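1. no sequence on this one, just coordinates:
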């Protein structure tokens, strides 16, 4: 008998929803604009997606920005306007099905570990460049989360002392320089995809901005490599959809930032295989594995 497990990827701008048959084959997906500052409204949005899906959902996995503090499963996400929201309990009350809630970078790593760019590896670092910057670790062939389930907040390690203010309250965080929002700020534009498309099409001004942005991305990646020396550094999130122009220009900036390590780092850099579907695939995979 086939089972249908749903995965939800909550982002700062949209909520992606998908259904996986037997936890692997993606048979349905949709999306809707995110609802900010109200966990109750988000729960209702997700519940509607579950109820409107053309399959009977057996289990649900959810990836969310921010931290998911165990064992209470309390979610704090500044870009959603949430503080200690009991998201799992709220969804359980509304839907009455088994539910797994996790950090969104952890779910994206899970997708790549399950059957993507990290499959079979013992160590990897996953970076998600989107509205914010997320991170997750694979150590000894298993996801590593730290004792509070909050390890991997790579968007909030400091790359510029006393630098730009970040939503987390610190200054100089990686996210303030390497998120899609940072790229838009640097270009004075509203849409990161349009900036990258213009750079790819030969717009010299946008290419200069994209290169300056990737210089900041390279600073963080070089630091991460020196800290962890993983087998792979996997790039995901919306920015990763830019593909070859991202890898090529990033490798050039790595040669500037870390000339003695650039070749080694470039050899282990790769794009996430599941791209924008990684969040829903990974959330469903974690639900399949843990519920």
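-> Here it is on my side, so go on. The structure displayed is predicted, hence computed values, not measured ones. Numbering: from 1, shown residues only.

2. where exactly do the helices run in this protein?
-> Along the chain, counting by DSSP state H, helices occupy 39-52, 87-95, 104-115, 174-178, 180-187, 192-200, 204-228, 244-257, 262-268, 278-290.

3. Include mean neighbour count when you put these into JSON lines, please.
-> C-betas here are computed from N, CA, C, even on glycine. Supplementary listing: the helices of the chain in JSON lines, determined by neighbours: other Cβ atoms under 10 Å:
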{"stretch": "helix 39-52", "mean neighbour count": "17"}
{"stretch": "helix 87-95", "mean neighbour count": "18"}
{"stretch": "helix 104-115", "mean neighbour count": "28"}
{"stretch": "helix 174-178", "mean neighbour count": "27"}
{"stretch": "helix 180-187", "mean neighbour count": "20"}
{"stretch": "helix 192-200", "mean neighbour count": "19"}
{"stretch": "helix 204-228", "mean neighbour count": "19"}
{"stretch": "helix 244-257", "mean neighbour count": "17"}
{"stretch": "helix 262-268", "mean neighbour count": "16"}
{"stretch": "helix 278-290", "mean neighbour count": "27"}
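
4. wait, which of the ones you listed is closest to residue 132?
-> Residue 132 lies closest to helix 174-178 among the helices of the chain, at 5.1 Å (Cβ to Cβ).

5. Show me the contact partners of the closest one.
-> Outside helix 174-178, the residues that touch it by Cβ atoms under 8 Å, 6 or more residues apart in numbering are 129, 132-133, 154-160, 163-168, 182, 213, 216-217, 219-220.

6. just stretch 155-171 next, same as before
-> Counting by Cβ under 8 Å, 6+ apart, 78-79, 132-135, 172-179, 216, 219-220, 223 sit against stretch 155-171.

7. Of all the residues in it, which ones are buried?
-> Going by neighbour count (16 or more other Cβ atoms under 10 Å), the buried part of stretch 155-171 is 155-157, 159, 166-168.
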